[in-house]
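> Would you be able to build a 3D model of this:
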Amino acid sequence: MSKKKYSLEEILDYTRINGPQSIKKLGTHLNVEDAELLSLMLKDEGLVVEAYDFPGTYDIWKSQREDGIYYKHLATKKLIQVLADEKGVDYTTLEGFKELLPELTQKTFQNKQINYWETILSGMIQRAYNDSPSTAVLDLIAHDDNFAKIREEGLESYDFPHAPKNTWKDNNKPSSCARQVTKKLIQVLAREKGVDYTTLEGFKELLPVLIHEMFENKRINYWGTTLNRMINSAYNNSPSAAVLDLVAHDDDFTKIREEDLESYDFPKAPHNIWNDNDKPSSCARQVTKKLIQVLAREKGVNYTTLEGFKELLPELIIETFRNKPLNSFGTTLGGMIQVADNNSPSAAVINLIKKDDEFKGLRKLITLEVLSGRCKTRKERLDGNYSSQIIRKHIEENILNLSDLGFYSFADGEKSVVREILAEEALHHFGDKMISYFGLEGPIFGSYFALDSVIKIDVKKSLVPERNKRNYNLMRKIARSNEVNKMLNGSSLRSLEIVLKNAEDALNDTEKIFDLIFLDWLGHLSPSGIRQLNLSYSHLNEGGMIAATININKVSQSRYHKQTGFSMQQEDYLQEWAEQNKLYYNDIDYIGGDKIKTPMKLVIMKNK
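Next up, the predicted model:
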């Protein structure tokens, strides 16, 4: 018998009047035998009182009734019955139990009264089940055949509203349970698509849908369980980390493991995989190298030699990065090239060559000038054709050394890349035709000289505006220079109309029509630039071409959005503008020279 202040007869009398909970006022506790005896006596009198209704009964949750049923199972079942009665469902059916599952929480066990005597199960859930509702319910289901249908369907601890502590982690690493449910998700998706997830072909079909939204919302079983909390707790919200962990540990995925699945093969690569402190990461270089290796295998060349790499030059364009499968999973590098290199293939390749010693022998040979411009003539540029060095040498041999005048940009190659590209585009478009030209030249006629080296310019029909008076005076001096005019391709600058105006005013005031208009903005697309575009179109000859340079780094894109109020990107706006005016659109990536070093686009818009 347990220690108590009152006899069983006194406790019985007190319970008849005040109920079993009132024993707390008596300041005593019962042992199991006394509690059971009092329960039987009260039941004989028509009062349904269970031994567990007496608070603080010693070892009650370790004990069984005479019929072998544990009191903890009896109490848990009573709680479920109360919840079922409130909801009007049959807890023994799948449908009914599913309705109850969201209610089976620690809060319910701690606060829900299971009978007339206001009994709650806070003590039971703590002492018998370490405060785990799922453990309590699963223990009941395993021992009570009233729950046979639930048992057959399969219920796990993670199907409850709150999975037990450490369900998803084991020693701060993802647990086997985390891998188990990830596999269940893959199995569900595979059944829906009718594929075998253990094969390369089947897994490849699933890869596009292995995204965070699927872990967050896809139900993996009858109970409606999703993996939102698991992916957050075990894998820091990374689907690729979850799947790669499963593939590494589960031999059902041996074929996938053999194909070297990587995090970047998933639809959404992990955060910061392509950037490291705002610079292209080692992973970005790794996949760029993989792309080069794929191209080299297809062409049967050695990409580490000059002759072999030269064969790859025409293929190293944005379309290749966006569309060329890198591996068996069909991975392409459109996302990488956008995030790491601002959609500039030349920047991606140069970054790889600079950092990877396997390309050490090519570093001085494969330059930005080789990679910029039309891809079909890259091999020719590597051999020296169309190079800015040739243009500069041609000018300097004819006496005009522009750096002596205090203007270094053309002389040191700062803007020669885009001028070289423009000259090549103009030659490709106009051929031997003599053209009229409008361009934002600057004080040293850099674009004019580059164009004049490959096409014929009708000087009298051309126009060059300059808004800076000092630059304007220098340009007039150069235009009158005999040394300069002797070297030009029959296009003497003496007859060129040079006006002290900005581009917008110059186009407003002239009646000339032009074959080639070059808006060398270098910065972002501004409201003024948009007005210049519209004026340019009104002055464009049939079969003509408008070219413009824009800066596409993050700061410039932000300024463009702020000033124009447009949500689309600059290049998207220009493409839409071109299509509205029935112009063919093309843009070419380049890097803005040795000092600017910023991602740029040369936009080409041609008359249809």
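> what number of residues lie near residue 364?
By other Cβ atoms under 10 Å, 8 other residues sit near residue 364. Every C-beta, even on glycine, is put in place using the N, C-alpha and C of the backbone.
> Then residue 430?
Neighbour number of residue 430 under other Cβ under 10 Å is 20.
> show me the contacts for it.
455, 515-516, 545 (Cβ atoms under 8 Å, 6 or more residues apart in numbering).
> ok, residue 37 to residue 31 distance?
10 Å (Cβ to Cβ, to the nearest Å).
> phi, psi of the spatially most central residue of the chain?
Taking Cα atoms, centre = their mean, the centroid of the chain lies closest to residue 268, which sits 4.7 Å from it. The phi/psi pair for residue 268 (degrees, to the nearest 10) reads phi -120, psi 110.
> and the two most separated of the contacts of residue 430?
455 and 545 (11.3 Å; Cβ to Cβ).
> Can you report how many residues lie near residue 228?
Using other Cβ under 10 Å, residue 228 has 15 neighbouring residues.
> Name every strand pairing with the longest strand belonging to the chain and say which way it goes.
Longest strand of the chain, by residue count under DSSP state E: strand 540-551. Here strand 540-551 has these sheet partners by DSSP bridges: strand 514-519 (parallel), strand 599-607 (antiparallel).
> looking at these, which has the lowest confidence?
Lowest mean pLDDT within the strands paired with strand 540-551: strand 599-607, at a mean of 85.
> where in this structure is pLDDT low?
The model of the chain has pLDDT under 70 over residues 1-5, 369, 372-378, 380-417, 483-491, 590-598, 608.
> Can you pull the residues that touch both of residue 455 and residue 545?
426, 430.
> got the residue ranges for the strands in the stretch 101-250 of the chain?
For the stretch 101-250 of the chain, strands defined by DSSP state E, counting those that start in this stretch occupy the ranges 169-170, 173-174.
> closest to residue 421 out of the ones you listed?
strand 173-174 (50.1 Å).
> Other residues contacting the closest one?
Against strand 173-174 from outside (Cβ under 8 Å, 6+ apart): 168, 234-235, 242, 245.
> Tell me the most packed of those residues, by neighbour count.
Most surrounded of these: other Cβ under 10 Å gives residue 242, at 27 neighbours.
> which residues touch that residue?
Residue 242 is in contact with 174, 178, 182, 215, 227, 230-231, 234-235, counting by Cβ under 8 Å, 6+ apart.
> Need the max-distance pair from those.
Maximum pairwise distance in the contacts of residue 242, criterion Cβ to Cβ, is 13.2 Å, between 174 and 215.
> Who has more neighbours out of the two?
residue 215 (25 against 20).
> May I ask you to confirm that the more buried one is in contact with residue 226?
Yes. The criterion here is Cβ atoms under 8 Å, and residue 215 meets it with residue 226 at 7.3 Å.
> from the contacts of residue 242, which is closest to residue 209?
residue 215 (10.4 Å).
> OK, contacts around that closest one?
Going by Cβ under 8 Å, 6+ apart, residue 215 touches 185, 226-228, 230-231, 239, 242.
> So which of the residues you listed sit within helices?
Judged by DSSP state H, the subset of the contacts of residue 215 located in helices is 185, 228, 230-231, 239, 242.
> Would you mind giving those as JSON lines with distance to residue 340 added?
Shown next, in JSON lines, are the ones in helices among the contacts of residue 215 (distance: Cβ to Cβ, whole Å):
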{"residue": "185", "distance to residue 340": "30"}
{"residue": "228", "distance to residue 340": "30"}
{"residue": "230", "distance to residue 340": "30"}
{"residue": "231", "distance to residue 340": "26"}
{"residue": "239", "distance to residue 340": "21"}
{"residue": "242", "distance to residue 340": "24"}
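> List just the nearest of those residues to residue 295.
Residue 295 has its nearest neighbour among the ones in helices among the contacts of residue 215 in residue 239, at 29.5 Å by Cβ to Cβ.
> Figure out the helix or strand that the nearest residue to residue 367 once chain neighbours are set aside lives in.
The shortest distance from residue 367 to any non-neighbouring residue, by Cβ to Cβ, 6 or more residues apart in numbering, is to residue 350 (7.6 Å). Assigned by DSSP states H and E, residue 350 belongs to helix 345-355.
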